[in-house]
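# Predicted model follows, preceded by the sequence.
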Amino acid sequence: MNIFKNYTFSWWQVSIFKLALLAGGVAVGAYWHEFWGGYITTLVVIAVISGAYVMYVALKQLRS
């Protein structure tokens, strides 16, 4: 079984997946807010860096 296959999704399927991840993240953050509160700066830095990387790759592919 190869889990690293290429997959093709439509825009609405990706939107549903992102909504599920967002809802799961909010649920975990709300439930364990005392634990994750100490890591908020680290989590924001990770979010900014990973978001910037995804934007860089998308714009690079757009220009090609």
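That came through, no problem. Residues are numbered from 1 along each chain as shown.

# Run the chain-centre distance for the helix or strand bottoming out on mean pLDDT in the chain.
Across the helices and strands of the chain, mean pLDDT, DSSP states H and E gives its lowest value to helix 33-36, namely a mean of 89. Helix 33-36 sits 20 Å away from the centroid of its parent chain (Cα atoms, centre = their mean, to the nearest Å).

# after that helix, next one along is what?
Per DSSP states H and E, helix 33-36 leads on to helix 40-63 as the next helix or strand towards the C-terminus.

# Give me the contacts around that following helix.
Trp36 (Cβ atoms under 8 Å, 6 or more residues apart in numbering). Placement of C-beta: from N, CA and C, glycine included.

# Could I get the buried residue list for it?
For helix 40-63, burial by neighbour count (16 or more other Cβ atoms under 10 Å) applies to no residue.

# Quick check: mean pLDDT of that helix?
What helix 40-63 shows for mean pLDDT is 91.

# Output that helix in CSV with nothing but the alpha carbons.
Output in CSV follows, covering the C-alpha atoms of helix 40-63 (Å, rounded to 0.1, in the frame of the first residue of the first chain):
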residue,chain,number,x,y,z
ILE,A,40,0.9,30.1,21.1
THR,A,41,3.9,32.0,19.9
THR,A,42,5.5,28.8,18.5
LEU,A,43,2.3,27.8,16.8
VAL,A,44,1.8,31.2,15.2
VAL,A,45,5.4,31.1,13.9
ILE,A,46,4.8,27.7,12.4
ALA,A,47,1.6,28.8,10.8
VAL,A,48,3.2,31.9,9.3
ILE,A,49,6.2,30.0,7.9
SER,A,50,4.2,27.2,6.5
GLY,A,51,1.6,29.6,5.0
ALA,A,52,4.4,31.6,3.4
TYR,A,53,6.0,28.5,1.9
VAL,A,54,2.7,27.3,0.4
MET,A,55,2.1,30.8,-1.1
TYR,A,56,5.7,30.8,-2.5
VAL,A,57,5.2,27.4,-4.2
ALA,A,58,1.7,28.4,-5.6
LEU,A,59,3.0,31.7,-7.0
LYS,A,60,6.1,30.0,-8.4
GLN,A,61,3.8,27.5,-10.2
LEU,A,62,1.5,30.3,-11.4
ARG,A,63,4.4,32.1,-13.1
